[in-house]
Structure formats: structure tokens, C-alpha cells
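Trainee: Just need the structure, nothing else, for what follows:
(4 chains)
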There are 2 protein chains.
Amino acid sequence: MSDTAPAQPSHAPRPRRQRADAQRNRARLLAEADRAFREQGTEASLEKIARGAGVAIGTLYAHFPTRRALLSALLRDRHDALFALGDELLAAAPPPPAFDQLTRWMRAVAEHGAGYSGLAEELLGSHEDKGSELHAACARLSAAGSALTARAHAAGAIRPDITPDDVFALVSAASWLRARTRDETRAERLLTVLFAGLRP
Amino acid sequence: MSDTAPAQPSHAPRPRRQRADAQRNRARLLAEADRAFREQGTEASLEKIARGAGVAIGTLYAHFPTRRALLSALLRDRHDALFALGDELLAAAPPPPAFDQLTRWMRAVAEHGAGYSGLAEELLGSHEDKGSELHAACARLSAAGSALTARAHAAGAIRPDITPDDVFALVSAASWLRARTRDETRAERLLTVLFAGLRP
DNA sequence: ACCTGAACACCGTTCAAGT
DNA sequence: ACCTGAACACCGTTCAAGT
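Mentor: Here you go, the predicted model:
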């Protein structure tokens, strides 16, 4: 996972000043939610998260009106890192082979989507649902994927019938599978197989 | 989906005689569960299923002590059909090309696993968990897949590093994706891509 | 400006009482 | 032999009352 500084975070920036206690509560909620989501997936109990963060359930809802809003806040930095990686890949000169570029991108997004069980589902769903808090992030991930897919097509590196949405769907499936494969060697092999099928 | 008669159902047969009302309740519960699982996935509310079947919640639990037991009963016939397909493919003479045979099997299992959202997860999990009510079925599906994988290896039709567990995992991922792809043409293309990656 | 926690609706699961 | 539904524990979500 790249730790390059996000090129241009480009989200609506969050309100600048909060009371100190509010800021602390928010941070605690995020930390506890990350723990819970990693251990139990994105459907983890919100009440337990609030309890674990030492606040009342109403405080959780005050900060994050929906489960997706909480998830979205949690993913913000990681999405920024992915956007930066996308920019980097697209700007690279001389460009590496188009197939490698595309699969490097797909691999990075797949690893991201495997971070919490349930996340792959959320990303694939939010990609199609314009109303989702995660839609903007998915659209931007998808845009980078589209550009890399177009390059791969131009180089004749992938099957001509593959669409950018296919690529997004495959990455989601890869995320789902990656999240459920404990053996790292096997996970690696499975991703390779998944992506190899894109070849003409 | 093949409608060949199951070769040898081989499950422990369910108790022969039930009171007429019990038999009717069981059938109603299964029908209602199928409806609910198809519409809301395998996590659908059991209380609603009982209500929809016109029985009290205790009756549902009396017939099916766990959610998995209910799911397992629901899948029994479809699993028998798949076992029969496996036997058929393995017995075919002259055998069709090993790769086609394997992917025909994978496709059939993937379609099956896409029947309910949440089922792919259940199958992959039960494959590893010997205590699951679904383990026996998964093991038998996996055995057929193993035999077809071995044939494909013997013919040099797939990458040498692929294991039977890899095949099961890929089928699960295919199921997951298939269940979330409404466009049939696209679903077809995605399965083709997923399976094409097995080639050497 | 933010936090608390009671209140409501809903569900999973068990089990004593019925027929 | 089977069914019922109350009982308990738990969770999501809202909102009036507090500081």
C-alpha cells in the first residue's frame, strides 16, 4: 500500500473547529470502529463500538448518521492513497507495460477492498448507487481503472470485450476472495489467476 | 441446471413418518424460506419466515434447529442434481476436453452458489468448517471438482500450481459475483474471464 | 455545541405449557 | 408428537433532556 502523500484530497473538507471533547470522541469512535470492522466485518454492532469508545450510542449517531458515513470516514485516507497511486501510474514516463499497470492497480484496490469483510459488497453496491456516501470514492476509483483499461485496450493487452465496469466487478470479487483467504501464498495465486483471465 | 435424477442421494434419510400437520408445516416453511432467501439473502428474518408460513417461531426451530439446517434442507435437491452432474461428467466416454469439462462443472456450481445472496460465503465457510451442516455437501462437491481438476492437470489444460481448493475458492468468488450481476451478458463474460485465468 | 440514555421497534433463541 | 407464544437478551435508531 503506497504511503505517498495524497495528491489532492478533493473532498469537501470537514468543519474546521470542533470542541476538544468532540474531536476526541470522533477519533475514539473511528479507532474502535476500525478494530470492530476488522474483527467482525462492516456489520459489527454499533452499540458495542460506542461502548468500546466510551461514549453513548447517541454520540456515535451524532458524528456518523449512518453506518456508511462511519465506514466512509474510516476509508478516506486509504482512498486518498489509492487516488494518488492512480495518478502516479497514469503519469509514469516511460509507462510500464499496460497489462502490468492495470493489474498493479487492480491488486492495490483489491487489497484495499479486502480490509474489512463486507467491504467488497459495499464498494460494488456503492459504485452503482449514486446516493451512497461511498459513491464518489467508488466513481473516482473507477475512473482511474477506466483510464488504465483504455490503455490496456490500446496496447491490445486485454480481451477486447472487457469493459471498465467488468474490471471494477472483478476487483470486487478479488476483494471478497482475498478477505477470506488466510494463506498468503494462495491468495497471491488466486489474484494472479483472476487477473490472468483478462488476457486476450 | 440439470434435472437428471439424483444418482444416489446418499444422505441420512429423514424420519419416514410425520404427522400430517408437521409435514405440511415443514413444506410451508421451506417454501417461505426459499422466497425470503431469494429476495433478502440467507440472513433473512426467521421470524418473518415463520409468520409467512403461518406458524409460530417455535415451530420453525423445532423443524430446523439452526439457520444452516434450514438452508441445508433447502439445498438438498439442488446438491443432489450437482452430484449427479459430477458423476455424469466423470463417466462420460469419450470424455470431452478436460478444460471444458472442468469449467462446465465450475459454472454449474457457481450458478448454484449464486442462488441466494450470502450462499457463496456459506459454502466457502462450510467447506473449511467440519462442524457445519453444509460440510458434507461441500466436501462432496469439492471431491468432484478435485477429480476434474486432476484430469485437467493430466491433460496439461490448466496451470500446474492450481489446487482443488483453489478451484473451490474461485467457484465461490464466481458465485458471489454472479449473484450481484443482473446483466446476463456481463455475467457470462465475467465467468469466462474468471475461468480463463486457469489456463497455463 | 455536544452529550446522554431512555424509549421504541425488531429480531434470534429458548422453553414451559398446551393439544 | 407437535405446536404455541411469552420471555429474555440484544441491537438499530430517534429524540427529549441535560451540560
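
Trainee: Show me how far the top helix by length along chain A is from its chain's centre.
Mentor: In chain A, with assignment by DSSP state H, the single longest helix is helix A:67-91. In terms of CA atoms, centre = their mean, to the nearest Å, the gap separating the centre of helix A:67-91 from the centre of its chain is 6 Å.

Trainee: Give me the contact status of it with DNA strand C.
Mentor: No - figure legend: helix A:67-91 not in contact with DNA strand C (CB under 7 Å from any atom of the strand); closest approach 13.7 Å. Yep, even glycine has a C-beta here, placed from its N, CA and C like the rest.

Trainee: DNA strand C contacts on chain A?
Mentor: Counting by CB under 7 Å from any atom of the strand, the residues of chain A lying close to DNA strand C are A:18-19, A:21-22, A:25, A:55-59, A:61-63.

Trainee: What residues of the longest helix of chain A count as buried?
Mentor: Buried residues in helix A:67-91, defined by neighbour count with 16 or more other CB atoms under 10 Å in any protein chain shown: A:67-68, A:70-75, A:79-87, A:89.

Trainee: Contacts only, for A:R189.
Mentor: Shown in contact with A:R189 (CB atoms under 8 Å, 6 or more residues apart in numbering or on different chains): B:161-162, B:166.

Trainee: Write a ChimeraX command that selects only the buried members of those residues.
Mentor: Selection of buried members from those for ChimeraX, criterion 16+ other CB under 10 Å:
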select /B:162,166
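
Trainee: out of the contacts of A:R189, which one sits closest to A:H127?
Mentor: B:D166 (27.1 Å; CB to CB).

Trainee: Can you tell me the element that closest one falls in?
Mentor: B:D166 belongs to helix B:164-179 when elements are defined using DSSP states H and E.

Trainee: Then A:R199?
Mentor: Using DSSP H and E, A:R199 falls outside every helix and strand.

Trainee: Which residue comes closest to it once chain neighbours are left out?
Mentor: What sits nearest to A:R199 in space, not counting adjacent residues and going by CB to CB, 6 or more residues apart in numbering or on different chains, is A:I158, at 6.4 Å.

Trainee: list the contacts for the one you found?
Mentor: Residues counted as contacts of A:I158 (CB under 8 Å, 6+ apart) are A:99, A:102, A:149, A:152, A:198-200.

Trainee: what number of residues lie near A:V193?
Mentor: 25 (other CB atoms under 10 Å in any protein chain shown).

Trainee: right, I mislabeled it, should have said A:A152
Mentor: Count around A:A152 with other CB under 10 Å applied: 23.
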